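Colleague: Sequence and predicted structure below; questions after.
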Amino acid sequence: MIEINHVHKSFEKTEALNDVTFQIQEGSIYGLLGSNGAGKTTLLRMMAGIIKQNTGDIHIEGQPIFENLNVKSRLVFLPDAPFFFSQYTTKQMAKYFENVYPNWSQERYSHLQELFQLDENKKISQFSKGMQRQVSFWLAMSIMPDVLILDEPFDGLDAVVRRKVKNLIVQDVADRSMTVVISSHNLREVEDICDHIGILHQGKLLLERELDDLKSDIHKVQVAFKGDQEEEFEKLNVLYKEKRGSVYLVILRGEEEKIEREITAMHPVLYDRLPLTLEEIFIYEMGGAGYAIENIMV
Ligand SMILES: Nc1ncnc2c1ncn2[C@@H]1O[C@H](COP(=O)(O)OP(=O)(O)OP(=O)(O)O)[C@@H](O)[C@H]1O
C-alpha cells in the first residue's frame, strides 16, 4: 500500500502540492489525473523517493520512501522522458539492471523481446522516441517491480503498442498484485485500465474515487409524461436536466433502484436508462465542485 499523508511541496514561491492525502491499495491501478502544472509529476517523484516533501509523509508498505534503498529496489519509476546511459544498448542496460534490481527476470526479458520485436544490440539513443519508450517498458517489466510509477506513459506510443503495454500491466497486477500509479492529463487514456482515479488541481486533490463507485452513483435517464410533471423531479437528486420536445433528459445521483422506483411512481409514458460515459460522470461530479475540467478530457 502507498500512503500519502498531508503532503506539502513548494519550489521557492510555487506551491506545487498543498495538503494532499490519499492511499493506494496493493494490486490496484491508480490514475492520477490533472491539468498541466497540477502537481502530478512532483507527487510521482516524491512517491518514487527522488525528491522529498516539505511536510507530511509518504510510506510504501509502511516504510518511508525517501532514500530508502530497500523499498526503491522493488519500485520502478518511468519518467515522461525516459533516461538511459547514452551509449548503451538495451542488452547492456539489462545487464546493469540485473545487478541493481533483485527481482530482475531474464526469462521475462527474453519473452518481452518477442513481444516488442526490438533489436537488443542497437544503441537505445538510435531508436525513435516511441521505440525508446517501448525499451523503457521492456526493461521496467523485466525488473518485476512491486510498485510501478508511470508519468504520462502512453505518450508517443502507437495504438497497437499502447494496447500491448496496457495488457502487460494488467497481467502483472492480476498475477502478482503489482501496484501501479499512472499520471495523465487524459482521462480517456487511463479509464480502461485504472480502478481508482484521483484528480489534482492546482496542487490539491479535488476528487478521489473508485471507478465502480463513481459509475454506480450517477445515472442518466430519459423520461416523458402525459402532462408536465417537472416539479416531481424535486424529490430526486438531480444534477442536470434538459427538455427536448416532451422528453426530459436527466442526470441523477443516487441508488439506481430508488431512482427507478420514484420515477415509475410518476407514471411516465416513456422511461429509459441511458449509458453514461466516464467523461460525463466527471463533468457532473466536478461541475458540482465548480471546476472546469475540460483539459483532462482531451
Ligand atoms: N524543479 C522545480 N522548480 C520550480 N518549480 C517547479 C519544479 N518542478 C515543478 N515545479 C512547479 O510545480 C508545479 C507543478 O508541476 P508538475 O510538474 O508537478 O505538474 P504536472 O501536473 O506534472 O504538469 P504537466 O501535466 O504539465 O506535466 C508547477 O507550477 C511547476 O512549475
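Modeller: Thanks, I have it.
Colleague: if I look at the residue nearest to residue 191 when sequence neighbours are not counted, how far off is residue 194?
Modeller: By the measure of CB to CB, 6 or more residues apart in numbering, the closest residue to residue 191 outside its immediate chain neighbours is residue 278, 4.8 Å from it. Every residue, glycine included, has its C-beta placed from N, CA and C. When distances are taken as CB to CB, to the nearest Å, residue 278 and residue 194 turn out to be 10 Å apart.
Colleague: more crowded one of the two?
Modeller: The residue with more neighbours, out of residue 278 and residue 194, is residue 194; 23 against 18, by other CB atoms under 10 Å.
Colleague: Give me every residue in the stretch 101-250 of the chain lying close to the ligand.
Modeller: residue 185 (CB under 6 Å from any ligand atom).
Colleague: For residue 119, which three-state class applies?
Modeller: For residue 119, the secondary structure call by DSSP: H, G, I helix; E, B strand; the rest coil comes out as coil.
Colleague: Which residue, other than its chain neighbours, is closest to it?
Modeller: In space, not counting the residues next to it along the chain, residue 119 is nearest to residue 90; the distance is 7.8 Å by CB to CB, 6+ apart.
Colleague: coming back round to it: hey, what's in contact with both of residue 278 and residue 194?
Modeller: Counting by CB atoms under 8 Å, 6 or more residues apart in numbering, the residues touching both residue 278 and residue 194 are residue 211.
Colleague: So what's the residue count around the residue of the stretch 101-250 of the chain found nearest the ligand?
Modeller: Sorted by distance to the ligand under CB to the nearest ligand atom, the residues of the stretch 101-250 of the chain start with residue 185, at 4.9 Å. Applying other CB under 10 Å, we find 19 other residues in the vicinity of residue 185.
Colleague: ok, so what distance separates it from residue 285?
Modeller: To residue 285, residue 185 is 17 Å away according to CB to CB.
Colleague: Likewise for residue 171?
Modeller: Looking at residue 171 against residue 285, where the rule is CB to CB, the gap reads 30 Å.
Colleague: Those two: which is more packed in?
Modeller: Set side by side, residue 171 and residue 285 show unequal neighbour counts under other CB under 10 Å, the larger going to residue 285 at 20 against 12.
Colleague: residues contacting that one?
Modeller: So residue 285 contacts 207, 214, 218 (CB under 8 Å, 6+ apart).
Colleague: Which residue is the nearest non-sequential neighbour of residue 217?
Modeller: For residue 217, ignoring the flanking residues on the chain, the nearest one in space by CB to CB, 6+ apart is residue 253 at 6.0 Å.
Colleague: Skip ahead from the lengthiest helix in the chain and say which helix or strand is next.
Modeller: Using DSSP state H to define each element, the chain has its longest helix at helix 159-176. Stepping forward along the backbone from helix 159-176, the first helix or strand reached (DSSP states H and E) is strand 179-184.
Colleague: Work out the gap between that following strand and the centre of the chain.
Modeller: Relative to its parent chain, strand 179-184 has a centroid offset of 5 Å by CA atoms, centre = their mean, to the nearest Å.
Colleague: Same check on stretch 137-148?
Modeller: Averaged C-alpha coordinates place stretch 137-148 at 18 Å from its chain's average position (CA atoms, centre = their mean).
Colleague: Averaged pLDDT, that stretch. What do you get?
Modeller: Along stretch 137-148, the predicted local confidence has a mean pLDDT of 96.
Colleague: mind listing what's buried in that stretch?
Modeller: Using 16 or more other CB atoms under 10 Å as the burial criterion, the residues of stretch 137-148 that qualify are 137, 138, 139, 140, 141, 142, 143, 144, 145, 146, 147, 148.
Colleague: Kindly report the same for stretch 39-57.
Modeller: Neighbour-count burial for stretch 39-57 flags 39-49, 53, 56 (criterion: 16+ other CB under 10 Å).
Colleague: which of the residues you listed lies closest to residue 85?
Modeller: Distance to residue 85 across the buried residues of stretch 39-57 (CB to CB) is lowest for residue 48, with 19.1 Å.
Colleague: Which pLDDT value belongs to that closest one?
Modeller: 95.
Colleague: which stretches of this protein form helices?
Modeller: With helices called from DSSP H, the chain shows them at 40-47, 69-72, 90-100, 106-116, 129-142, 159-176, 187-190, 211-217, 256-264, 278-289.
Colleague: Report the backbone C-alpha coordinates of the second one in CSV.
Modeller: In other words, helix 69-72. Included here for helix 69-72 are C-alpha records, laid out as CSV according to Å, rounded to 0.1, in the frame of the first residue of the first chain:
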residue,chain,number,x,y,z
LEU,A,69,17.1,1.7,-1.0
ASN,A,70,15.3,-1.4,0.2
VAL,A,71,11.9,-0.2,-1.0
LYS,A,72,13.4,1.5,-4.1
